[in-house]
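Peer 1: Got a sequence here, can you build the structure:
(one chain, ligands or ions: 2)
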Amino acid sequence: MARLERRLHIQDGEAVASAYNQRRGSATLIELAPSILSANFAQLGAEALAAIDGGGTVLHLDVMDGHFVPNLTIGPPVVASLRKTIAKVPFDCHLMIENPDDYIAAFAEAGANWISVHQEACVHLNRTLHLIASHGCEPAVVINPATPVHMLDEVLHIVHHVLVMSVNPGFGAQKFIPGALRKIETLVQIRERRGLSFRIEVDGGVDLTTVGDVVRAGAELLVAGNAVFAHGDIRDNASKLLQAARGAKAMRA
Ligand code: DX5
Ligand code: ZN
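Peer 2: Ligands and ions are numbered 1, 2, ... in the order given. This is a model prediction of the structure:
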């Protein structure tokens, strides 16, 4: 859907749900979203391109403020620099920050395509999601491991995707929390029951040992940092992870 058209539709939840329903075919496509958090930041552009070359079709950018999470990462200038090197791949900006409304315009201007905010960080979540859409980006919502899926009941019809955290946010290379699988399954059931077509993304501890489980549970957008960037050949790592995910998906279908 064109950005302007989408902006108009987001004023009306039913219209949004209907527009999304028309794209349901693409909602369940498995995609790898390499997370640059574990990349070598001195070679960020080249490493991101290697991950894309290996099959990454979305670039996941983790923004941390040292308040909502106990770590600091990147801001809009780094997103803008990457945008100059990487023209086509959607930038999936995962905002782990307090007061995200204050920064949405800057990330949109820098080249973000998808912007996700934490349910736990947004007092006026509906307003924040509309604000993201008003800047021409796809709005998405994230839940921490301790947050139940039903906290999202009233926004599922206006989000492009739901991001289920399978670690407590703040750091790469943490251990996968298996409770995320049940949450992914619940989201699949709700999507079916309500006729919606938000996509389901998972973030944290996704590697060759866990990717089969998350895909079988129903996740379609797979964020992976450590498994792609930390060791060995980035291109190969991405390609093997995507292959394993698509293999698990074929067995699930
Ligand atoms: C964690 C970040 C993740 C992180 C995932 O707070 O949101 O995107 O990069 O890293 P891995 O794949 O190493 O668990
Ligand atoms: Zn993330």
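
Peer 1: how about the residues of the protein near ligand 2?
Peer 2: Taking CB under 5 Å from the ion as the contact definition, the chain meets ligand 2 at 62, 94, 203. In short, each C-beta sits where N, CA and C put it, glycine included.

Peer 1: Mind checking which of the residues you listed are buried?
Peer 2: Among the residues of the chain next to ligand 2, those buried by neighbour count (16 or more other CB atoms under 10 Å) are 62, 94, 203.

Peer 1: what's the closest non-adjacent residue to the last one?
Peer 2: It refers to Asp203. Leaving aside its sequence neighbours, Asp203 sits nearest to Val223 (CB to CB, 6 or more residues apart in numbering; 3.9 Å).

Peer 1: Save the buried ones among the residues of the chain next to ligand 2 as CSV, and put in pLDDT too.
Peer 2: Output for those, formatted as CSV (pLDDT from 0 to 100):
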residue, pLDDT
Asp62, 98
His94, 99
Asp203, 99
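
Peer 1: would JSON lines of those residues with secondary structure be doable?
Peer 2: Formatted as JSON lines, those follow (DSSP: H, G, I helix; E, B strand; the rest coil):
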{"residue": "Asp62", "secondary structure": "strand"}
{"residue": "His94", "secondary structure": "strand"}
{"residue": "Asp203", "secondary structure": "strand"}
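
Peer 1: Report the entries of these that also contact ligand 1.
Peer 2: 62, 94, 203 (CB under 6 Å from any ligand atom).

Peer 1: residues in contact with the last one?
Peer 2: When you say that, I think you mean Asp203. 35, 60, 94, 142, 163-167, 169, 223 (CB atoms under 8 Å, 6 or more residues apart in numbering).

Peer 1: quick one: the strands in the stretch 151-253 of the chain?
Peer 2: 161-165, 199-203, 221-224 (DSSP state E, counting those that start in this stretch).

Peer 1: Partner strands of the second one, with direction?
Peer 2: Yep, that's strand 199-203 we're talking about. strand 161-165 (parallel), strand 221-224 (parallel) (DSSP bridges).

Peer 1: all helices of the stretch 1-150 of the chain, in order?
Peer 2: Per DSSP state H, counting those that start in this stretch, the stretch 1-150 of the chain carries helices over the ranges 3-9, 13-22, 24-27, 44-53, 76-85, 104-110, 125-134.

Peer 1: list the helices and strands the fifth one packs on?
Peer 2: For helix 76-85, the packing partners by 3 or more CB pairs under 8 Å, 6 or more residues apart in numbering; DSSP states H and E come out as helix 44-53, strand 59-64, strand 91-96, helix 104-110.

Peer 1: Compile these into JSON lines and extend it with columns for distance to Glu138.
Peer 2: Formatted as JSON lines, the helices and strands packed on helix 76-85 follow (distance: least, CB to CB, whole Å):
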{"stretch": "helix 44-53", "distance to Glu138": "19"}
{"stretch": "strand 59-64", "distance to Glu138": "14"}
{"stretch": "strand 91-96", "distance to Glu138": "9"}
{"stretch": "helix 104-110", "distance to Glu138": "11"}
